[in-house]
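Visitor: Sequence and computational prediction follow.
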Amino acid sequence: MPVSVEPTSVDPSQNGSAPANTGVETPTTASAGARTSAPAAEALRPHAEDAFADELAALAAQDDRPRPTRWKLSPWAVATYLLGGALPDGTVITPKYVGPRRIIEVAVTTLATDRALLLLGVPGTAKTWVSEHLAAAVSGDSTLLVQGTAGTPEEAIRYGWNYAQLLAHGPSRDALVPSPVMRAMAEGMTARVEELTRIPADVQDTLITILSEKTLPIPELGQEVQAVRGFNLIATANDRDRGVNDLSSALRRRFNTVVLPLPESVEAEVDIVSRRVDQIGRSLDLPAVPDGVDEIRRVVTVFRELRDGVTSDGRTKVKSPSGTLSTAEAISVVTNGLALAAHFGDGVLRPSDVAAGILGAVVRDPAADRVVWQEYLEAVVRERDGWKDFYRACREVSA
Ligand SMILES: Nc1ncnc2c1ncn2[C@@H]1O[C@H](COP(=O)(O)OP(=O)(O)OP(=O)(O)O)[C@@H](O)[C@H]1O
Ligand SMILES: [Mg+2]
């Protein structure tokens with residue numbers, strides 16, 4: 001019979017929420033999921049809850065709708081945080097996700113039920129990004145994260161042992177190293193599992209008991225950790241990995257699946273790229289480069305046409321290269337271009353600043369992709385009005 005677990009003290013400064021009747025101590029040393037000591041302003045990439053702390057605080061202050069137990073915000077406020085909007089006092093909430101409103105509403109609602117959330121989609125459709133922001137808005141902490149790989153062991157999802165302690169004193173709570181999922185269960189928080197379908201099937205199945213029984217047995221101690229209210233789990237999985245380690249149907253039934261689509265139009269994608277590039281540029285202290293939107297539109301257009309296999313007017317078929325040309329690649333090509341323009345150019349984003357980046361993104365396989373790129377260059381880019389400079393810049397870097 002499982003022994004009931006004594007409550008333990010948790011440093012409230014670590015996550016801002018009082019622990020429930022749980023047995024899992026929040027580790028004070030930096031381990032997976034533990035907050036690090038780097039000040040948010042110093043971190044190269046601050047966590048969502050730090051980067052957008054002002055917006056989250058404004059939402060929490062003005063949110064008078066009912067909040068599920070241990071949620072920092074109401075479902076409505078979580079959706080507003082993700083989709084953007086204006087608050088009654090005039091605070092502007094920037095959109096984090098650009099796409100159909102309903103998708104985010106379904107995702108947020110799922111988190112308030114007893115089913116876990118699976119974000120599915122092709123690469124670069126913001127699965128990881130949405131998962132991080134959802135966890136930040138719901139629990140105020142997006143760091144309870146398990147990164148799925150082919151080598152992810154069961155301990156990463158359940159718990160491990162501090163072997164020095166284990167050898168010195170035998171199995172005890174002190175010797176146990178909780179996984180991020182175990183901590184989330186104990187504290188009623190949101191856990192995240194990245195790339196679920198890369199995890200071997202038998203390890204994935206560890207999640208079945210957690211998600212259906214809401215408990216994590218610790219047979220070595222004759223104890224268990226029961227999930228408290230507020231616990232839920234967000235997993236992401238890539239469409240491309242389908243067939244690698246497919247989810248078992250038993251596990252799939254524990255999830256509500258939300259498919260994140262590619263941006264529906266050039267405009268939407270240009271909007272996403274511009275916003276992210278601006279944020280990344282600021283965090284890297286890149287000088288602001290004005291009027292880059294034409295170049296951004298060009299990068300997005302090239303990527304969309306190569307991805308779709310047809311030009312935007314629908315007239316010319318083109319071949320698709322082997323690699324992924326998602327919004328994420330467009331963001332990094334433009335960010336690189338901005339850095340070039342800022343450091344070595346005249347501060348204006350020009351075709352020559354993005355050409356090399358585009359070539360690098362498109363030509364992954366030096367033989368096949370180069371042919372695809374040359375054909376596109378000659379058949380589409382050369383003929384297009386206003387694209388002469390870009391054509392020349394591409395020819396220069398392709399030579
Ligand atoms: N619809 C969108 N709204 C806002 N940002 C987006 C959107 N689509 C892509 N992005 C941006 O693209 C970048 C990449 O997203 P992310 O890494 O979350 O993709 P992913 O779906 O997890 O990809 P992968 O399958 O490779 O893990 C992020 O910076 C994100 O801001
Ligand atoms: Mg991802």
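Guide: That came in fine, so what should we check first? Ligands and ions are numbered 1, 2, ... in the order given.

Visitor: can you pull the contacts of the closest residue to ligand 2 within the chain?
Guide: In the chain, no residue comes nearer to ligand 2 than Thr128, which is 3.2 Å away by C-beta to the ion. The C-beta positions use only the backbone N, C-alpha and C, and glycine is treated the same way. Contact analysis of Thr128 by C-beta atoms under 8 Å, 6 or more residues apart in numbering lists 194, 236.

Visitor: So it, which state does it fall into?
Guide: The local conformation at Thr128, judged by DSSP: H, G, I helix; E, B strand; the rest coil, is helix.

Visitor: Please apply the same query to the one 5 residues further on.
Guide: Three-state secondary structure (criterion: three-state DSSP) places His133 in helix.

Visitor: next one: Asp278
Guide: helix.

Visitor: since we're on Leu145, how many residues are nearby?
Guide: Residues near Leu145, counting by other C-beta atoms under 10 Å, number 21.

Visitor: scratch that, Ser326
Guide: Around Ser326 there are 20 other residues, counting by other C-beta under 10 Å.

Visitor: how about low-confidence regions in the stretch 101-250 of the chain?
Guide: Applying pLDDT under 70 to the stretch 101-250 of the chain flags the ranges 241-244.

Visitor: which residues of it fall in helices?
Guide: 101-111, 127-139, 154-157, 163-169, 180-187, 201-204, 206-212, 249-252 (DSSP state H, counting those that start in this stretch).

Visitor: mind checking which of those is nearest Ala227?
Guide: helix 180-187 (3.9 Å; C-beta to C-beta).

Visitor: Get me the contact residues on the stretch 101-250 of the chain for ligand 2.
Guide: Contact residues, the stretch 101-250 of the chain versus ligand 2 (C-beta under 5 Å from the ion): 127-128.

Visitor: which parts of the stretch 101-250 of the chain sit against ligand 1?
Guide: 121, 123-129, 236, 238 (C-beta under 6 Å from any ligand atom).

Visitor: Pick out the most distant pair among these.
Guide: Trp129 and Asn238 (13.6 Å).

Visitor: higher neighbour count, those two?
Guide: The residue with more neighbours, out of Trp129 and Asn238, is Asn238; 22 against 19, by other C-beta under 10 Å.

Visitor: partners of the more buried one in the sheet?
Guide: Asn238 forms beta bridges with Gly121, as assigned by DSSP bridges.

Visitor: Run through the residues that contact it.
Guide: Taking C-beta under 8 Å, 6+ apart, one finds 120-123, 127, 195, 197 in contact with Asn238.

Visitor: same deal with Ala361?
Guide: Contacts of Ala361 (C-beta under 8 Å, 6+ apart): 303, 323, 325, 329, 332-333.

Visitor: Are any of these buried, and if so which?
Guide: When the contacts of Ala361 are checked for burial by 16 or more other C-beta atoms under 10 Å, the buried set is 303, 323, 325, 329, 332-333.

Visitor: Which of the residues of the stretch 101-250 of the chain next to ligand 1 are buried? Put it as a ChimeraX command.
Guide: Filtering those down to the buried ones (16+ other C-beta under 10 Å) takes a single ChimeraX command:
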select :121,123,124,125,126,127,128,129,236,238
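
Visitor: okay, which residue is most central for the chain?
Guide: Thr128 (1.7 Å; C-alpha atoms, centre = their mean).

Visitor: what's the lowest-pLDDT member of the contacts of Ala361?
Guide: Ranked by pLDDT, the contacts of Ala361 bottom out at Gly323, which scores 86.

Visitor: Grab the nearest non-local neighbour of that residue.
Guide: Using C-beta to C-beta, 6 or more residues apart in numbering and skipping the chain neighbours, the partner closest in space to Gly323 is Arg364 (3.7 Å).

Visitor: burial measure for the one you found, as a count.
Guide: 14.

Visitor: Now do the contacts for it.
Guide: Arg364 neighbours (C-beta under 8 Å, 6+ apart): 321-323.

Visitor: what do you get for Asp239?
Guide: 120-123.

Visitor: Pick out the most distant pair among those.
Guide: So, the contacts of Asp239 by C-beta to C-beta: farthest apart are Leu120 and Pro123, at 11.6 Å.

Visitor: Report the buried residues of stretch 247-260.
Guide: 247, 251, 254-255, 258, 260.

Visitor: Correction: the previous question concerned stretch 295-315.
Guide: So for stretch 295-315, counting by 16+ other C-beta under 10 Å, buried means 295-307, 311.

Visitor: Over to stretch 342-361?
Guide: 342, 345, 349-359, 361.

Visitor: same check, this time on stretch 198-215
Guide: 198-200, 203-207, 210-211, 214.

Visitor: How about stretch 273-287?
Guide: 273-278, 280-281, 286.

Visitor: Which pLDDT value does the model give Thr316?
Guide: The per-residue pLDDT reported for Thr316 equals 92.

Visitor: Can you give me the separation between it and Met189?
Guide: Distance, Thr316 to Met189, using C-beta to C-beta, to the nearest Å: 51 Å.

Visitor: Of the two, which one has the most company?
Guide: Met189 (29 against 13).

Visitor: which SS state does Leu82 fall under?
Guide: Assignment for Leu82 (three-state DSSP): helix.

Visitor: Cross-check the contact I'm expecting between it and Glu105.
Guide: No: look at Leu82 against Glu105 with C-beta atoms under 8 Å: they stay out of range, at 9.6 Å.

Visitor: Look at those two and report which has more neighbours.
Guide: Each of Leu82 and Glu105 has its neighbours counted (other C-beta under 10 Å); Leu82 has more, 26 against 17.

Visitor: which residues touch the more buried one?
Guide: 95-97, 104, 108, 130, 133-134, 137.

Visitor: Run through the residues of the stretch 251-399 of the chain sitting next to ligand 1.
Guide: Checking the stretch 251-399 of the chain against ligand 1 by C-beta under 6 Å from any ligand atom, the hits are 263, 272, 276, 327-328, 331.
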